[in-house]
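# coordinates only, no sequence provided:
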């Protein structure tokens with residue numbers, strides 16, 4: 001089930017980087033700044049290609065979607081620069097942030113994948129979040145080296161390092177948010193996911209389609225509120241629900257996704273003692 005995220009976003013980002021590289025090379029920009037930009041774009045393209053070729057365990061699909069979405073954030077930076085072609089130094093710093101965050105998350109994914117294969121039968125394995133944190137220090141060291149190499153002065157170097165770090169933090173947050181949403185999606189019962197109702201026929205022969213988002217017993221109490229003592233009987237559990245096809249009783253004490261199936265028809269009977 002999608003949630004506003006598409007593999008097309010990531011593919012578009014990869015194609016955009018390649019297009020910009022070609023455009024800058026054809027323009028023949030001779031300045032050292034533009035040559036450095038092209039070099040950084042190549043690094044970003046390499047990181048994106050690694051993400052595209054990444055093969056993961058099926059249990060890591062949510063993480064892969066999250067990684068692709070975080071990687072696709074570079075489109076905003078590139079489009080913004082391409083419109084104005086201003087502040088080349090900041091653009092380079094932002095590209096470094098995108099590249100480093102992708103490499104950081106990619107490294108964490110690969111380490112987690114290796115751990116899954118090595119410890120598939122063990123319950124305790126370091127989480128992906130732990131892998132990200134463990135890799136963060138080496139990444140920050142690389143950023144420090146980048147800042148030291150900037151020739152425009154110490155203060156300017158600090159500013160660019162801050163920009164780069166902000167881009168990294170934003171991308172990692174995007175990764176975490178998308179991952180959280182993907183995990184929520186995978187835990188939604190199929191009945192709710194497909195929005196198909198249960199077709200319920202009560203003890204008076206009335207048809208009442210309902211979705212599992214609603215509490216069944218509460219609905220029954222309302223439906224039988226004005227039918228003698230029926231509402232009290234519902235409260236005491238003096239009723240049975242039976243599958244119309246198999247004629248088997250439905251155990252309402254079980255999990256919802258085990259009680260009912262999409263499109264199922266069930267019938268209710270009151271139990272008089």
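Yep, it's here. Note that the structure is a prediction, hence the values are computed from the model and not measured.

# buried stuff in stretch 84-92?
In terms of neighbour count (16 or more other CB atoms under 10 Å), stretch 84-92 has its buried residues at 89, 91, 92. Heads up, the C-betas are built off the backbone N, CA and C, glycines and all.

# return the item of those having minimum pLDDT.
Among the buried residues of stretch 84-92, residue 89 carries the lowest pLDDT, at 82.

# for the stretch 151-273 of the chain, give me the ranges with low pLDDT.
Residues of the stretch 151-273 of the chain that meet the criterion pLDDT under 70 lie in 151-162, 178, 180-200, 202-204, 208-224, 226-229, 255-257, 262-263, 271-273.

# quick one, phi psi at residue 237?
The phi and psi torsions at residue 237 (degrees, to the nearest 10) take the values phi 80, psi 20.

# what does residue 246 give?
Taking degrees, to the nearest 10 as the convention, residue 246 sits at phi -90, psi -10.

# report how many residues lie close to it.
Residue 246: 9 surrounding residues under other CB atoms under 10 Å.

# ok, now residue 260?
23.

# now what about stretch 36-48, what contacts it?
When contacts are defined by CB atoms under 8 Å, 6 or more residues apart in numbering, stretch 36-48 is touched by residues 10, 13-14, 17-18, 20-21, 24-25, 71, 74, 88, 91-92, 95-96, 98-99, 102-103, 106.

# from the residues you listed, which ones fall inside helices?
10, 13-14, 17-18, 20-21, 24-25, 71, 74, 88, 91-92, 95-96, 98-99, 102-103, 106 (DSSP state H).

# surely residue 240 is in a helix?
No: with DSSP: H, G, I helix; E, B strand; the rest coil as the criterion, residue 240 is strand rather than part of a helix.

# ok so, going back, out of the contacts of stretch 36-48, which are buried?
10, 13-14, 17, 20-21, 24, 71, 74, 91-92, 95-96, 98-99, 102-103, 106.

# domain ranges for the chain, per the record?
7-187, 193-270 (automatic domain parsing).

# buried set for whatever helix or strand residue 46 lives in?
Using DSSP states H and E, residue 46 sits in helix 32-52. By neighbour count with 16+ other CB under 10 Å, helix 32-52 contains the buried residues 34, 37, 38, 40, 41, 43, 44, 45, 47, 48, 51.

# list of residues touching stretch 11-26?
Contacts for stretch 11-26 (CB under 8 Å, 6+ apart): 34, 37-38, 41-42, 44-45, 48-49, 52, 71-75, 78-79, 82.

# against residue 111, how distant is residue 179?
16 Å (CB to CB, to the nearest Å).

# likewise for residue 92?
Taken as CB to CB, the span from residue 92 to residue 111 is 28 Å.

# all strands of the stretch 51-200 of the chain, in order?
Using DSSP state E, counting those that start in this stretch, the strands of the stretch 51-200 of the chain run over residues 198-201.

# so which residues of it form helices?
In the stretch 51-200 of the chain, the segments counted as helices under DSSP state H, counting those that start in this stretch are 61-71, 74-84, 88-118, 128-149, 154-187, 190-193.

# how many other residues sit next to residue 170?
Residue 170: 16 neighbours (other CB under 10 Å).

# oops, could you answer that again for residue 207 instead?
Residue 207, neighbours per other CB under 10 Å, totals 9.

# for residue 206, same thing?
10.

# more neighbours: which of residue 179 and residue 111?
The neighbour comparison of residue 179 against residue 111 (other CB under 10 Å) goes to residue 179, with 20 against 17.
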